[in-house]
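Engineer: Please work out how this folds:
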Amino acid sequence: MRFGIPLITFDGFCLLLRHKTYSLLSATSHIGRLTGLQVNSVGLPVLRSIRHHLKPTTAALQYFGTEARRHVLDLSEIQVVTLLRDREQLLHLDIQPGYVILRHAGHILGCGLYTPGRLRSQLPRHPAVSF
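Structural biologist: Just a heads-up that it's a prediction; the model follows:
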């Protein structure tokens, strides 16, 4: 709901909770027969339960983020470099605090956490990122 992704986007998927991770897998007529299997992981992880809230996964945002209609930030190259280097940036936005989708040059990078006046990077750390 936070990102305004139309629910129809998720038609054809089933939601599975395993440990503290919610995953999506393709809906198939064979789902009933698969429920008795013990598997380590299945599907696309979309949300992780962290303390008292749900955090979207980078994979889910990259897969479904193009459908988002709210809380999407288009970042400049300088802002991306700053977030990767410093892990946060002072930024005043007219949006509710919470997770935001970070986008640069039309590509979904992942998510950030916005609190009034500050954007914190939730992007995976990569030792050698260049533009």
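
Engineer: Toward the C-terminus from the lowest-mean-pLDDT helix or strand in the chain, list the very next helix or strand.
Structural biologist: Among the helical and strand segments of the chain, the one scoring lowest on mean pLDDT, DSSP states H and E is helix 31-34, with a mean of 72. Counting by DSSP states H and E, the next helix or strand C-terminal to helix 31-34 is strand 44-50.

Engineer: Averaged pLDDT, that following strand. What do you get?
Structural biologist: Averaged across strand 44-50, the pLDDT comes to 94.

Engineer: Provide the strand pairings for it, with the direction of each partner.
Structural biologist: If you go by DSSP bridges, strand 44-50 pairs up with strand 21-26 (antiparallel), strand 53-56 (antiparallel).

Engineer: For the longest one, which outside residues touch it?
Structural biologist: Translated: strand 21-26. 10, 12-16, 41-49, 54, 60 (C-beta atoms under 8 Å, 6 or more residues apart in numbering). Bear in mind the C-beta positions are built from the backbone N, C-alpha and C, glycine included.

Engineer: Now the buried members of those.
Structural biologist: Using 16 or more other C-beta atoms under 10 Å as the burial test, these include Phe13, Leu16, Gly43, Pro45, Val46, Leu47, Ala60 as buried.

Engineer: the helices in the protein, which residues?
Structural biologist: For the chain, the helices defined by DSSP state H occupy 31-34, 58-64, 77-86.
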